[in-house]
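Visitor: build me a model from this:
(chains A and B, ligands or ions: 6)
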Protein chains: 2
Amino acid sequence: SIAANHTDHSMVFADLTALEYLAVRDYMWNQKDLKISRSAIAKPSENFLFLIDLLLPKKQDALFYLDQHGPKPQRKATVVVFFGQSSYLKEYEVGPLDGHLRHRDVTKERYNVENLPFTARTVTIGEYVELFIFLESQVFQKLENELRESFGYIPRKRNLNPFEGMPRGLKAGDRKTWISFFRDESGIYIHPVGFEVLINHESKNSSDWSVLKLLYNGKYFETLESFKKDYERGLVTKIVYKAIPNYASLKPRKKPTGLSPQQSYLQGKRFSVKNNQVIYMDWTFAFGLSSLTGMRVFDVRFRGERIAYEISVQEAMSVYGSNTPGMVLTKFLDSSIGIGRFAHELVRGVDCPHVATYVDVYRYIDTNVTHRFRNAICIFEYDVGRPLRRHFSDFFYNSYGGMPNSALYMRTITAIGNYDYIWDFIFYQSGSVEARVHATGYISSSYKIDGSLRYGHQVAQNVLGNIHTHFVNFKVDLDILGVTNNFLTKDMAFEEVSLPWTAERKVKVPYLVEKQTKTEREAALHHGTKTPRYLHVASNRTNRWGHERSYRLQLTSFAGDHLPESEPEERSMSWARYKVAITKHKDNEPTSSSLYGQNYMWDPVVDFSKYVEDDESIVNQDLVAWVTAGFLHIPHAEDIPNTVTVGNGGGVLLRPHNYFDEDPSIHSPDGVYFEPG
Amino acid sequence: SIAANHTDHSMVFADLTALEYLAVRDYMWNQKDLKISRSAIAKPSENFLFLIDLLLPKKQDALFYLDQHGPKPQRKATVVVFFGQSSYLKEYEVGPLDGHLRHRDVTKERYNVENLPFTARTVTIGEYVELFIFLESQVFQKLENELRESFGYIPRKRNLNPFEGMPRGLKAGDRKTWISFFRDESGIYIHPVGFEVLINHESKNSSDWSVLKLLYNGKYFETLESFKKDYERGLVTKIVYKAIPNYASLKPRKKPTGLSPQQSYLQGKRFSVKNNQVIYMDWTFAFGLSSLTGMRVFDVRFRGERIAYEISVQEAMSVYGSNTPGMVLTKFLDSSIGIGRFAHELVRGVDCPHVATYVDVYRYIDTNVTHRFRNAICIFEYDVGRPLRRHFSDFFYNSYGGMPNSALYMRTITAIGNYDYIWDFIFYQSGSVEARVHATGYISSSYKIDGSLRYGHQVAQNVLGNIHTHFVNFKVDLDILGVTNNFLTKDMAFEEVSLPWTAERKVKVPYLVEKQTKTEREAALHHGTKTPRYLHVASNRTNRWGHERSYRLQLTSFAGDHLPESEPEERSMSWARYKVAITKHKDNEPTSSSLYGQNYMWDPVVDFSKYVEDDESIVNQDLVAWVTAGFLHIPHAEDIPNTVTVGNGGGVLLRPHNYFDEDPSIHSPDGVYFEPG
Ligand SMILES: [Ca+2]
Ligand SMILES: [Ca+2]
Ligand SMILES: [Ca+2]
Ligand SMILES: [Ca+2]
Ligand SMILES: [Cu+2]
Ligand SMILES: [Cu+2]
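Guide: Ligands and ions are numbered 1, 2, ... in the order given. Just a heads-up that it's a prediction; the model follows:
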């Protein structure tokens, strides 16, 4: 059975176990000098162990272990501590997990600063608790009458839900958040009430926090008092509360009738999952789920040959347009709150097929205990419903040969607030791997005011669906026959040629244009520029026919315009400048974004463009492709209640191109062939 | 049951029945003055009834019938006769099919010429018979020794298979075809032997035909005699025949083990097919299969409202690069041989799911009897394996709502010589329709000679996979709330704005850019130019939120460069200049290409660019969108034996955009919802 072929090699990429998280937590708690709070909702002024996650082994060490019987790399954790007492953040390496734990401050070696700025931190549940208390006492209680009349506010019932604009200000150090309020119904994100407040919560002591501004029905107020006064005097256009049916409800309007088609394994599963290792037909790989960046696979092999060392989700970003204050600044960087963090249980028969294999995930982020997320990853084989290949011959050699396209899917779905991203890695029998994302869930919306329609379409009563972009970034560390690779491009052009057999005419003929791109800057392919159609990571070694063995990156993207580079916030999302950027692999350039991108956009600790800026040689190097896909989203009525996945996705297909000597699927047991007679 | 809701309205779009073809044939045969041969393989010098196909009703008549209880349009056939005796071609209208047949010469009214040029005709089986005889007597017999030594030729065994380059010459009137020869093994298309001949078959009398040139191993010869002489004298580099295993075979190399996943209807089919009408959930449509252009649907309605009058395949085109004579000119225009003509039986479990509904098709093209093609269309419901929509809420209102993405597929596969195109129309429960094509089958190849690698990659021993483009064209006649529509575009741009609550900074914000495009030229969107990201066919009527109800066209394409317009052959494929072109609907502009495009490329009877050139107003008009998708194909070793579908496709998604007031899938019985407790 295929299970027999499993190894424990994949364990070097395995996420921490429930017990490992606790061991690291306890170890850190026990470091008296760090004075870490044991509360799950530590206040900003306390020291808080925000994150424990797997520290990936150095690539060289992992390869030495995987390929040359070297020692198994020590298993370690990476730890993030928010030091409220000292007002800075630090990162630690803690390990070995299978030995005597030690910790080491790695802030300097990772970011070249002693400490990370305090306002760069994610807003924790502890801080949200304080924020809710602040809103209750400093806003809701003080505006009880106005909020009741306008929005049906009921004291102490928490029936105005907050949604934050980001970034939290205009410059480094700011922590001033516009909070918009939404009706307390399912799908709150499309129930804006037309009331927003700007809260300054820079101080670690919530007693110093303040309301800086208010927006009511499109009108700004400097203080609660000035709003109250104008409201009383009838100087504002009042919004009058009216209960309406909840158009955001996902409750089916019809009863189920019959059952939609179901896919099943009539003769059993053809793949095997053991620990974090998957074996499927010619494929093997290891998988994991970073709390910050999300789903990832390592050591992806086809017929035993490594194709990719790592394929991983890096970041999901959106930039919004609006004339309301929360949304006008909004640029979401999801890995700063955690993408993998929101990989929740998958629903059988909807999120993944009934017959999928579901895998539990354990995480430690913004908590004080290990959390188990049941069935947060699914793995399944699926027939995509269109032949992988086929040919029917009626002219010569009447015959038929074909093969269904049955592929292995690995999926997580991360529901970060309003949006749900469906992440797929797909392994085809023809040797291709695809990384795909589709968006669904609720759009972000704002209360419609004068001038709103410049920034989107009305999608419900008084609701504007705001125009926005979606950009996602994947790290694709292909290793084609080892790490020494080149970046080649291929395309066509027309040339005029004379016909050797006649002088009657010259004709224009397509020919193959091949190039090697030699440095990082040249290999950083900007959106909106004409770039070669075929992009290849290639080995110097050739296939049977003398061509460099390569994998081609084929991007599917409907991306909008990237934020102009002149905006200071752009630096924290500079990966999105490029459809594809090829860099030289470095262990200290592990991700294109960081936990600190969202709240310190203006001076980010990771600015991807710096990976490119030094313009290193990419000739015969270990190359990493950073791929950005996305789509422009102009919300429309059909985004209510939820955006559908159809047409709302993007990704990258990694396909063999002269890597093999022929299509490997010809060796699949799924091939079908007939001849007459 | 849903079957009860069928109507016979779809019959106005129904292809001819077996008996109708015969009635038209007999009627035409009986017109003594037309002197039509009754042979299936009439010689070019005879009069031949090449094609009988449905004549589509005029749109106005069909709409009057469908929408206003008008009379049922008379059912008619369109007929193409190749008049070998008079050396011209004519088209006729024959009808009414349900009454007393009459015929009418419509050549002038369709093409503004009395007769179509004789060399514009498709090469018939009758002409191929003559060509094979010619090759046998004038080439094979005369070069028996050379061909035996070089290619293992065995007299009278027909073991050198011909493959024609197209177009057949360099200017209007030419019918001079380069024929390349291929080994007689399955998958001949990737077995070139390195021998090509240029045959002049312009004359309708094959006794006048001649061999104009020869190519042997990259060297040209003016005559057979000069080749024989040089060959004897050792002045040519000989190719020496060697039998090799057939790498083109599609026979599986492994025995089946287990069964790939299968999709099934556990509680029965949820769609109904009656005659040429399909009912599925909220969808109804009529379908047909033109022998020339292929699959098409008409009167596509969602919840009873017509979305599209017609969605149809129009043309498939490829332009090749090479330094060998057959391929250097090659520009295939498939509808000139017939796309629908090659829609053959679909294989259950590979081409379509086992549980699909299979429909037989009857055709009359290049024949003298009606041909039945069993199971040439399949219709099935399929769960695409990714939710149509879903949202999990953990912050507020802990709940889950979602829905699997189960859609209706209609499919044909047309295997035109080497290539197989898989055509799909997909109907989603969210109100979207998608037209998709994927390519598979064998690549075209040439024998590798000096300099070949400029035009592709070597993919097998002595075999070059030639670089080429694929372009396909769809006709998309959306009718959004009637025929009076506009073409709107939407996109984003950034603008700098002052923040109303602070003077601290100005920020750049995305906003919505909406435009109406008012004339055909402006609405002809060239490949490679920046065009607005959202393209809409819209009604003046608005949805509940005040926005023009529209469908958006979302194109997926990886097209290469289109042939430069300076090439005279370009005029017959001028539709491929544009990603999307919007024209005013005209009954006399029914197709973007024609039967005569391939063999009369230089002065085509249909030049699509003329539809655009008169630059008519498209304001409040019946609009047709002509959509071109494609991909650049640089063949690689993995194209052997067959190109895989993964990554090799394109198409257009038609999605509602403010057409509804909310996503219609919320009313599907497939919705799923949970709340805790
Ligand atoms: Ca660098
Ligand atoms: Ca690499
Ligand atoms: Ca026109
Ligand atoms: Ca129309
Ligand atoms: Cu969106
Ligand atoms: Cu191709």
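Visitor: what's in contact with the least confident helix or strand in chain A by mean pLDDT?
Guide: Using mean pLDDT, DSSP states H and E, the weakest-scoring helix or strand in chain A turns out to be strand A:262-264, at a mean of 90. Outside strand A:262-264, the residues that touch it by C-beta atoms under 8 Å, 6 or more residues apart in numbering or on different chains are A:349, A:353-355, A:382-383, B:261-264, B:266, B:383, B:385. Backbone N, C-alpha and C define where each C-beta goes, glycine included.
Visitor: give the buried residues for it.
Guide: A:Q262, A:Q263 (16 or more other C-beta atoms under 10 Å in any protein chain shown).
Visitor: ranges for the strands of the stretch 1-150 of chain A?
Guide: Assigned by DSSP state E, counting those that start in this stretch, the stretch 1-150 of chain A shows strands spanning A:47-55, A:76-83, A:88-95, A:102-105, A:116-117.
Visitor: what about whichever residue of the stretch 251-400 of chain A sits closest to ligand 4, how many residues nearby?
Guide: Nearest residue of the stretch 251-400 of chain A to ligand 4 (C-beta to the ion) works out as A:R386 at 29.0 Å. For A:R386, the count of nearby residues is 23 (other C-beta atoms under 10 Å in any protein chain shown).
Visitor: before we move on, the earlier item: sheet partners, orientation included, of the least confident helix or strand of chain A?
Guide: strand B:262-264 (antiparallel) (DSSP bridges).
Visitor: which SSE is immediately downstream of the strand it pairs with?
Guide: Of the helices and strands lying after strand B:262-264 in sequence (DSSP states H and E), the nearest is strand B:271-274.
Visitor: which residues of the stretch 501-650 of chain A fall in helices?
Guide: Taking DSSP state H, counting those that start in this stretch as the criterion, the stretch 501-650 of chain A carries its helices at A:609-613.
Visitor: in the stretch 351-500 of chain A, which residue sits closest to ligand 3?
Guide: For the stretch 351-500 of chain A, C-beta to the ion, closest residue to ligand 3: A:F494, 28.5 Å.
Visitor: isn't that residue right up against A:V507?
Guide: No. Counting by C-beta atoms under 8 Å, A:F494 stays clear of A:V507, with 9.6 Å between them.
Visitor: just to revisit the earlier point, in PyMOL, select just the buried ones from the contacts of strand A:262-264.
Guide: A single PyMOL command selects the buried members of the contacts of strand A:262-264 (16+ other C-beta under 10 Å):
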select buried, (chain A and resi 349+353+355+382+383) or (chain B and resi 261+262+263+383+385)
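Visitor: now the contacts of strand A:262-264 in JSON lines, with distance to ligand 3?
Guide: What follows is those, written out as JSON lines (distance: C-beta to the ion, whole Å):
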{"residue": "A:G349", "distance to ligand 3": "50"}
{"residue": "A:P353", "distance to ligand 3": "49"}
{"residue": "A:H354", "distance to ligand 3": "52"}
{"residue": "A:V355", "distance to ligand 3": "53"}
{"residue": "A:Y382", "distance to ligand 3": "45"}
{"residue": "A:D383", "distance to ligand 3": "44"}
{"residue": "B:P261", "distance to ligand 3": "49"}
{"residue": "B:Q262", "distance to ligand 3": "49"}
{"residue": "B:Q263", "distance to ligand 3": "44"}
{"residue": "B:S264", "distance to ligand 3": "48"}
{"residue": "B:L266", "distance to ligand 3": "51"}
{"residue": "B:D383", "distance to ligand 3": "42"}
{"residue": "B:G385", "distance to ligand 3": "42"}
